[in-house]
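Undergrad: Predicted model and sequence follow; I will ask about them next.
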Amino acid sequence: MAPYTITYFAVRGRCNAARIMLSDQGQEWKEVVVTFDEWMKGDLKKTCVFGQLPKFEDGNLALFQSNAILRHLGRQHGAYGKNNKEAALIDMLADGVEDLRLKYIKLIYQEYETGKDAYIKDLPNHLCKFECVLEKNKTGFLVGDSISLADYSLFDVLLNQKVLSPTCLDSHPTLKSFMEKMSARPKIKAYLDSDAYKKLPINGNGKQ
Ligand code: GTB
């Protein structure tokens with residue numbers, strides 16, 4: 001068993017991309033689930049570098065910040081490009097995904113009732129950027145000719161957008177095909193079909 005442990009709330013949230021990457025790379029990991037009541041006691045929070053979860057342990061290395069976790073796994077499992085140039089482009093694309101993720105999180109946790117319609121109306125303006133990159137690269141991946149942490153992150157964010165707005169990819173055929181290909185990768189498919197995945201809500205407040 002790989003020496004990986006994820007400590008997080010019982011949600012997909014900021015761990016879903018890492019779990020998808022670990023699954024696709026044939027890795028196993030241990031889950032430590034933190035309840036809201038446990039978290040509110042404050043003892044665990046004090047031990048977290050930024051006072052937040054997820055915490056990811058790789059042996060005696062403890063990491064916080066979900067994107068640092070993704071990059072660590074990308075380096076370890078050959079999902080961070082073939083050279084520095086590809087790695088730089090992967091960072092750029094992953095940061096673009098993070099921008100969309102932050103907008104989504106703001107909607108879910110702060111503006112769901114008042115902002116959902118406007119968010120969905122604006123979504124194509126964000127999706128078209130990734131569509132364009134995939135169209136230009138022509139390999140089915142965001143960067144180069146192999147899967148990277150940016151693909152896992154985009155896939156995760158788009159899974160959430162599809163739940164929020166089931167038709168949002170209809171006018172983005174390249175993104176739609178990206179989603180179909182990622183979902184059909186055998187180990188990703190097995191993870192998405194698992195009870196471990198299905199039982200987890202996307203977000204901590206029940207909105208999606
Ligand atoms: N930049 C950090 C990263 O990428 O890892 C952001 C991490 C973050 O926002 N962590 C949130 C957290 O620890 C959990 S993700 N919040 C507790 C705190 O700040 O004290 C969002 C979330 C919120 C609530 C639940 N829940 O109630 O189950 C689950 C997930």
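TA: Structure's in. What do you need?

Undergrad: can we go C-alpha only for contacts and neighbour counts from here?
TA: Noted.

Undergrad: ok, the residue nearest to K162 when sequence neighbours are not counted - how many residues close by?
TA: Closest residue to K162 apart from its sequence neighbours, by Cα to Cα, 6 or more residues apart in numbering: C168 at 6.3 Å. For C168, the neighbour count with other Cα atoms under 10 Å is 18.

Undergrad: Quick check: the gap between S183 and the ligand.
TA: For S183, the distance to the ligand equals 23 Å [Cα to the nearest ligand atom, to the nearest Å].

Undergrad: how close does the residue nearest to K162 get to L159?
TA: For C168, the distance to L159 equals 11 Å [Cα to Cα, to the nearest Å].

Undergrad: do the same with P186
TA: P186 is 17 Å from L159, by Cα to Cα.

Undergrad: more neighbours, the two?
TA: L159 (16 against 13).

Undergrad: which element is that one on?
TA: helix 149-164 (DSSP states H and E).

Undergrad: what comes up buried for whatever helix or strand comes next after that helix?
TA: On the C-terminal side of helix 149-164, the nearest following helix or strand under DSSP H and E is helix 173-184. Neighbour-count burial for helix 173-184 flags T174, L175, K176, F178, M179, M182, S183 (criterion: 16 or more other Cα atoms under 10 Å).

Undergrad: tilt between the helix or strand just after helix 173-184 and helix 173-184?
TA: Scanning forward in sequence from helix 173-184 by DSSP H and E, the next helix or strand is helix 186-193. Compare the direction of helix 186-193 with that of helix 173-184 by axes from the mean of the first three to the mean of the last three Cα atoms, to 10 degrees and you get 90 degrees.

Undergrad: May I see the buried residues of helix 186-193?
TA: Counting neighbours by 16+ other Cα under 10 Å, helix 186-193 gives K187, I188, Y191, L192 as buried.

Undergrad: swap in stretch 131-150?
TA: 131, 133-135, 140-144, 147-150.
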